[in-house]
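Asker: Quick one, what's the 3D model for this:
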Amino acid sequence: MTEPGRACPVCGGEILAALQVPHGWTTGQGKQIKGTSEVLLCERCDREDPITGPIVVFFTVHEQATAEHVDELALLLKRWADNAVARRPDLKALDAEADAWRRGDL
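Answerer: Model (predicted):
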């Protein structure tokens, strides 16, 4: 899953799992850039999502995967993996952070 105690970069909540998903883009010159991006499953940020919420509930109820519940967890994780996409950065927030850094406010 993920290393114990890893904190969400958005809210500070615990990261329950992480996926590597392919992503890419095309440059202005038409060159394809390919890579991977990490998609995190946060106990706080993702609890209301219809796809990730059941995984959060699973770990709230069971705390860890056991042989008794592995099939249930596998189905939940497969559903998440099948629907996971890399989040696009908030360009306005990125610009604001860069401006704050330039001003020496960070």
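
Asker: If the residue nearest the centre of the chain is in a bridge, with which residues?
Answerer: Geometric centre of the chain, nearest residue: residue 40, 2.0 Å, by CA atoms, centre = their mean. Beta-bridge pairing of residue 40 under DSSP bridges involves residue 18.

Asker: got a list of what it touches?
Answerer: 2, 8, 9, 15, 17, 18 (CB atoms under 8 Å, 6 or more residues apart in numbering). Where you see a C-beta, it was placed from the backbone N, CA and C, and this is true even at glycine.

Asker: give me that answer again for 10 Å
Answerer: Counting by CB atoms under 10 Å, 6 or more residues apart in numbering, residue 40 makes contact with 2, 6, 8-10, 13, 15-19, 46, 52, 84, 87.

Asker: how close does it sit to residue 75?
Answerer: With distances taken as CB to CB, to the nearest Å, residue 40 is found 20 Å from residue 75.

Asker: Tell me, how many residues neighbour the residue nearest to residue 34 when sequence neighbours are not counted?
Answerer: Excluding the flanking residues, the one nearest residue 34 by CB to CB, 6 or more residues apart in numbering is residue 24, at 4.0 Å. Using other CB atoms under 10 Å, the number of residues around residue 24 comes to 11.
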